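*Asks:* need a 3D model of the sequence below.
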Amino acid sequence: MKKYIFLTLILSVLFTANTMAQKSWLMGPAAKNSKPWENTNEHVVVVSLKLNRLKKGPAAKNVKVWEAESEATPILRSNRADLKGPAAKNLRPERTRNNN
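*Replies:* The predicted structure follows:
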């Protein structure tokens, strides 16, 4: 019984520590006056996997994903770090060119 109480206590402390470690989201005037173009976070390239052959019926249900042939393509690469002001605020994927 003592093991279960100790285990429950440890798990609750870990759970509480993980929930408190999250970033605090801006709310109110701070969110309204935030400038996202001044954010210096690293940008992550999002990769899309496209399956070459789509299957239907029972073959689709029994497909082995790890054996499927697929093609990985980046969705968007932007120069958002170079943009400042309203140009960065109004950046949309359809307005950028993919210069690789």
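
*Asks:* neighbours of residue 91, how many?
*Replies:* Residue 91 is flanked by 15 other residues according to other CB atoms under 10 Å. C-beta: built from backbone N, CA, C; applies to glycine.

*Asks:* ok, it touching residue 84?
*Replies:* No: at 11.1 Å, residue 91 does not count as touching residue 84 under the criterion of CB atoms under 8 Å.

*Asks:* and whatever helix or strand residue 71 lives in, what other elements does it pack with?
*Replies:* Assigned by DSSP states H and E, residue 71 belongs to strand 70-74. The contact analysis (3 or more CB pairs under 8 Å, 6 or more residues apart in numbering; DSSP states H and E) places strand 70-74 against strand 47-51.

*Asks:* so what touches the strand it packs on?
*Replies:* For strand 47-51, the surrounding residues in contact (CB atoms under 8 Å, 6 or more residues apart in numbering) are 68-75.

*Asks:* low-confidence stretches in this structure?
*Replies:* 21-24, 40-44, 51-54, 68, 76-81, 92-100 (pLDDT under 70).

*Asks:* could you redo the last one with a cut-off of 90?
*Replies:* When residues are selected by pLDDT under 90, those of the chain lie in 1-3, 14-100.

*Asks:* would you map the helices across the protein?
*Replies:* For the chain, the helices defined by DSSP state H cover 2-20, 29-32, 58-61, 86-89.

*Asks:* out of those, which is the most enclosed?
*Replies:* Of all these, helix 86-89 has the most neighbours on average by mean count of other CB atoms under 10 Å, namely a mean of 12.

*Asks:* contacting residues around residue 13?
*Replies:* Here residue 13 is in contact with no residues (criterion: CB under 8 Å, 6+ apart).

*Asks:* for residue 45, give its distance to residue 86.
*Replies:* Distance, residue 45 to residue 86, by CB to CB, to the nearest Å: 25 Å.

*Asks:* what of residue 62?
*Replies:* Per CB to CB, residue 62 is found 52 Å from residue 86.

*Asks:* before we move on, what about residue 3?
*Replies:* According to CB to CB, residue 3 stands 60 Å off from residue 86.

*Asks:* ok so, going back, and which of the contacts of strand 47-51 is nearest residue 16?
*Replies:* If you rank the contacts of strand 47-51 by distance to residue 16 using CB to CB, residue 75 comes first, at 36.4 Å.
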